[in-house]
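Undergrad: Fold the following, please.
(chains A, B, C and D)
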2 protein chains.
Amino acid sequence: MPPPAVAVSVDLVLLTLRAGRLCVLLTGRPDAEVWTLPGGFVDGDEDLDRAAARQLTRLTGVTSTGHLEQLRTYGGPHRGPRVSGVSVAYLALLPDLPGTVPSQAGPVWWRPVDEVELDGDAGTGRSRRSEQDLAPDHRRIVADGVERARAKLEYTPLAAAFCEDEFTLADLRRVYEAAWGVALDPPNFRRKVLSTPGFVVALGRRTSTRGGGRPAELYRRGMATALHPPLLRRSV
Amino acid sequence: MPPPAVAVSVDLVLLTLRAGRLCVLLTGRPDAEVWTLPGGFVDGDEDLDRAAARQLTRLTGVTSTGHLEQLRTYGGPHRGPRVSGVSVAYLALLPDLPGTVPSQAGPVWWRPVDEVELDGDAGTGRSRRSEQDLAPDHRRIVADGVERARAKLEYTPLAAAFCEDEFTLADLRRVYEAAWGVALDPPNFRRKVLSTPGFVVALGRRTSTRGGGRPAELYRRGMATALHPPLLRRSV
DNA sequence: ACAAAAGTGTTGTCAATACACCCATGT
DNA sequence: ACATGGGTGTATTGACAACACTTTTGT
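TA: I've put the predicted structure just below:
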């Protein structure tokens, strides 16, 4: 007998840093009462990675920069009533996009992930419910994506994906501080990053001072794909 | 218009330790000229994790012990001619099963993963091709699963999933040595494991000496879900 | 203008920790 | 032969102090 056929969609967890906070891109379809992750259906003969990259370009206009990787696949009845099929989630890390999102895909918003994590915490604490919460199944996908990103900062040089092509060590440090919610010692962070071969490469130039203070050296991301030893967060 | 429908299968990368080598379970369908990973199609309303667990039980008879997690989803034209749809791969870690595999699913074999990694290395080195190589797309899935397992040994107490309920520290050390292909210093390994809270708990009993030597203490797996700090392999 | 203060990035020091390597002992 | 216990030197890390360069503020 022929195998059962299922609808397969690719959904994106798009993370960036805005005003020192880790944010995720959400879309609000006009006919829906909750926010959702951007995504779309894929064909059976379509490469999943390529489908995800296409979604990313459609949403942001960016093509090569940043980072895009498969996160996890969600399926089955967990996804709620009237929703069937499986969803292949992808995680993308981007620098803060200039101005508003030039979306060709309807209304989109950047929302801080710590607010998303509070959605659905019925009862205690939260005084009022947002006008539009994130769909429960998508909330779990966001949580998984954020946890993946936090973990990957430890043992990969992926923090640079949140920065522009040229960045200072303070920029890089602020990525860790925003994602992990901790304060890092600037001298120690500097020593660690510079002593890891291939993490960053110095450009020999400095920032034209922005807002006061000593101009910082500029770096770009290096060739390394892993950090040895890793940059561990203190506790978990 | 309705979303395109796709065939979705769940495939298992089942790893175990046999004779000090990391091995993967392969199936040989009578009508196929290559080995494949065990798996099967899933329904759209079926929970993926549950489908994978069902496959695992069908193949090995085990139910609760060990470890099972989603690995990655593969899809698109990469999978080769005449193969369409997406495949959700799961990774399972098991202790060595007693005797032969009590499979209710046709012929199965345990194959050392280092041999699988050599499949398809056309040309150099390998003198003769195995009678049956692993299908190319499944070979990549195995490689991803092995790499995931090797990485997870570093920062989780998952090595115990390769052992029986009760094991010695030498058993646990041999898991790392087989998976990483390195020799570990027994005293240092012992110190590290015992100093990590929740990794193992002592049972206060000892092995009745097996094969000579001082009887070793018995342990079972602890409650910890992560290792802090991790047990890092030296290089990568 | 000039000097002082504050902000930011860089360099240096020291102690605590973790780890590799080795030796010794018990069964 | 193997499990276990202990010791030592080296590398990494955390905490903190000191310095360098720039803008802002006050007189």
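
Undergrad: what's the distance between the closest residue to A:Pro107 other than its chain neighbours and B:Ala224?
TA: Leaving out its chain neighbours, the residue that sits closest to A:Pro107 by CB to CB, 6 or more residues apart in numbering or on different chains is A:Gly28, at 5.1 Å. To be clear about C-beta, it is placed using only N, CA and C from the backbone, and glycine gets the same treatment. Distance, A:Gly28 to B:Ala224, by CB to CB, to the nearest Å: 41 Å.

Undergrad: A:Val182 now?
TA: 22 Å.

Undergrad: Over to A:Val142?
TA: Taking CB to CB, one finds A:Val142 at 26 Å from B:Ala224.

Undergrad: Neighbour count: the two, which is higher?
TA: A:Val142 (24 against 14; other CB atoms under 10 Å in any protein chain shown).

Undergrad: Just confirm that one is within a helix.
TA: Yes. Under DSSP: H, G, I helix; E, B strand; the rest coil, A:Val142 sits within a helix.

Undergrad: Tell me the confidence at it?
TA: What the model reports as pLDDT for A:Val142 is 97.

Undergrad: domain ranges for chain A?
TA: A:8-155, A:165-221 (automatic domain parsing).

Undergrad: Report the contact partners of the residue nearest to A:Pro107.
TA: A:Trp35, A:Thr36, A:Gly106, A:Pro107, A:Val108, A:Trp109, A:Gln132 (CB atoms under 8 Å, 6 or more residues apart in numbering or on different chains).

Undergrad: Do I have it right that the fifth one meets A:Thr36?
TA: Pointing back at A:Val108 there. No. With contact defined as CB atoms under 8 Å, A:Val108 does not reach A:Thr36; the gap is 10.4 Å.

Undergrad: interface residues of chain A facing chain B?
TA: Residues of chain A found near chain B (CB under 8 Å from any CB of the partner chain) are A:3-9, A:41-50, A:70, A:72-78, A:84-86, A:88, A:226, A:228-230, A:232, A:235-236.

Undergrad: at 7 Å what do you get?
TA: A:3-8, A:41, A:43-48, A:70, A:72-73, A:75-78, A:84-86, A:88, A:226, A:228-229, A:232, A:236 (CB under 7 Å from any CB of the partner chain).

Undergrad: These in helices, which ones?
TA: A:Leu48 (DSSP state H).

Undergrad: Below-threshold pLDDT in chain A: ranges please.
TA: Flagging of chain A using pLDDT under 70 yields the residue ranges A:29-32, A:76-83, A:98-105, A:120-132, A:235-236.

Undergrad: and with 90 instead?
TA: Applying pLDDT under 90 to chain A flags residues A:1-7, A:27-35, A:43-46, A:58-66, A:75-85, A:96-109, A:116-137, A:208-213, A:234-236.

Undergrad: which helices and strands sit right next to the longest strand seen in it?
TA: Of all segments of type strand in chain A, defined using DSSP state E, the longest is strand A:5-18. The contact analysis (3 or more CB pairs under 7 Å, 6 or more residues apart in numbering or on different chains; DSSP states H and E) places strand A:5-18 against strand A:21-27, strand A:39-41, helix A:48-60, strand A:86-93, helix A:136-155, strand B:5-18.

Undergrad: Could you rerun that using 8 Å?
TA: strand A:21-27, strand A:39-41, helix A:48-60, strand A:86-93, strand A:108-112, helix A:136-155, helix A:169-180, strand B:5-18 (3 or more CB pairs under 8 Å, 6 or more residues apart in numbering or on different chains; DSSP states H and E).

Undergrad: Render the CA-only coordinates of the fifth one in CSV, please.
TA: Yep, that's strand A:108-112 we're talking about. Only the C-alpha atoms of strand A:108-112 are listed here, as CSV (Å, rounded to 0.1, in the frame of the first residue of the first chain):
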residue,chain,number,x,y,z
VAL,A,108,5.9,41.1,11.2
TRP,A,109,7.3,42.1,14.6
TRP,A,110,10.4,41.6,16.6
ARG,A,111,9.5,40.4,20.1
PRO,A,112,11.9,39.9,23.0
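
Undergrad: I'd like the next helix or strand past it.
TA: Scanning forward in sequence from strand A:108-112 by DSSP states H and E, the next helix or strand is helix A:113-118.

Undergrad: Mind listing what's buried along that following helix?
TA: The neighbour-count check on helix A:113-118 (16 or more other CB atoms under 10 Å in any protein chain shown) flags A:Val113, A:Val116 as buried.

Undergrad: for stretch A:185-205, same thing?
TA: For stretch A:185-205, using 16+ other CB under 10 Å, the buried residues are A:Phe189, A:Arg190, A:Lys192, A:Val193, A:Thr196, A:Phe199, A:Val200.

Undergrad: what helix or strand does the second one sit in?
TA: Secondary structure assignment for A:Arg190, by DSSP H and E: helix A:186-195.

Undergrad: what angle do that helix and helix A:169-180 make?
TA: Here helix A:186-195 runs at 100 degrees with respect to helix A:169-180, directions being taken by axes from the mean of the first three to the mean of the last three CA atoms, to 10 degrees.

Undergrad: these two touch, right, A:Tyr219 and A:Arg205?
TA: No. Look at A:Tyr219 against A:Arg205 with CB under 8 Å: they stay out of range, at 9.7 Å.

Undergrad: Around DNA strand D, which positions in chain A sit nearby?
TA: Neighbours of DNA strand D within chain A, by CB under 7 Å from any atom of the strand: A:185, A:187-188, A:191-192, A:195, A:209, A:211-215, A:229, A:231-232, A:234.

Undergrad: How about the secondary structure of the closest residue to DNA strand C within chain A?
TA: Residue of chain A nearest DNA strand C, by CB to the nearest atom of the strand: A:Gly213 (2.3 Å). At A:Gly213 the chain is in coil, as set by three-state DSSP.

Undergrad: before we move on, back to that, quick one: strands adjacent to the longest strand of chain A?
TA: strand A:21-27 (antiparallel), strand A:39-41 (antiparallel), strand A:86-93 (parallel), strand B:5-18 (antiparallel) (DSSP bridges).

Undergrad: circling back to that earlier point, how about the helices and strands packed on strand A:5-18, which one is nearest B:Arg150?
TA: strand B:5-18 (10.2 Å; CB to CB).

Undergrad: gap between the closest one and the chain center?
TA: Counting by CA atoms, centre = their mean, to the nearest Å, strand B:5-18 is centred 11 Å from the centre of its parent chain.

Undergrad: buried stuff in that strand?
TA: B:5-17.

Undergrad: what does chain A have sitting close to DNA strand C?
TA: A:168-170, A:186-188, A:190-191, A:211-217.

Undergrad: what do you get if the cut-off is 10 Å, keeping everything else the same?
TA: Within chain A, the positions near DNA strand C by CB under 10 Å from any atom of the strand are A:168-174, A:185-191, A:193-194, A:202, A:206-207, A:209-219, A:229, A:232.

Undergrad: For A:Pro4, which residues are in contact?
TA: Here A:Pro4 is in contact with B:Ala7, B:Val8, B:Phe41, B:Val42, B:Asp43, B:Gly44 (criterion: CB under 8 Å, 6+ apart).

Undergrad: Show the backbone phi and psi for it.
TA: A:Pro4 adopts backbone torsions of phi -70, psi 140, taken as degrees, to the nearest 10.
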